[in-house]
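In: Give the three-dimensional model of this entry:
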Amino acid sequence: MNAEFDGVVFRWDARTDSDWYFTALPLELSELIRGIPRPTRGFGSVRVHARVGASAWRTSVFPGADGRYVLPLKRAVRDAEHLADGGSVSVELQVLDG
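Out: Purely as a prediction, here's the structure:
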């Protein structure tokens, strides 16, 4: 499954001692991903290939409290693509599990 979406960069409030930043997938996309049969992984994670601008990486999306999956945005990507807390981000996502 391939998808594109726009999101907002946010810092994980539960860990104010670290730089964990994410963007939330749209609810509709999260529901589609949740419906894909796949092996169970830790924390309900789903392996993906993500692209933001010229930066591409493999990671996992994780289920959030509001029913949407969240995509971690590592520092190298945030720096290379000039992403800031509260700013917008355009993501290309390929789901690898399923």
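In: Need the per-residue pLDDT for Ala14.
Out: For Ala14, the model assigns a pLDDT of 67.
In: what about the longest helix in this protein?
Out: Within the chain, and with DSSP state H defining each element, the longest helix by residue count is helix 27-34.
In: Show me how far that helix is from its chain's centre.
Out: In terms of CA atoms, centre = their mean, to the nearest Å, the centre of helix 27-34 is set 12 Å apart from its chain centre.
In: Now the element after that helix, going C-ward?
Out: Secondary structure here is assigned by DSSP states H and E; on that basis, the next helix or strand after helix 27-34 toward the C-terminus is strand 46-52.
In: Would you mind confirming that Pro63 is in contact with Tyr69?
Out: Yes - taking contact to mean CB atoms under 8 Å, the distance of 5.8 Å between Pro63 and Tyr69 places them in contact. In short, each C-beta sits where N, CA and C put it, glycine included.
In: can you give me the strands in the protein?
Out: 2-11, 21-24, 46-52, 55-63, 69-72, 88-95 (DSSP state E).
In: How about the residue nearest the centre of the chain: which residues does it bridge to?
Out: The central residue of the chain, meaning the one whose C-alpha is nearest the mean C-alpha position (CA atoms, centre = their mean), is Leu71 at 1.3 Å. When bridges are called by DSSP bridges, Leu71 pairs up with Thr23.
In: cool, Arg11 as well?
Out: Assessed by DSSP bridges, Arg11 has beta-bridge partners Tyr21.
In: if we can go back for a sec, enumerate the positions of the longest helix of the chain that are buried.
Out: By neighbour count, with 16 or more other CB atoms under 10 Å as the criterion, the buried positions of helix 27-34 are Leu29, Ser30, Ile33.
In: In JSON lines: these, plus distance to Ala50 and pLDDT.
Out: Formatted as JSON lines, the entries for the buried residues of helix 27-34 read as follows, by distance: CB to CB, whole Å; pLDDT from 0 to 100:
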{"residue": "Leu29", "distance to Ala50": "13", "pLDDT": "97"}
{"residue": "Ser30", "distance to Ala50": "15", "pLDDT": "97"}
{"residue": "Ile33", "distance to Ala50": "13", "pLDDT": "95"}
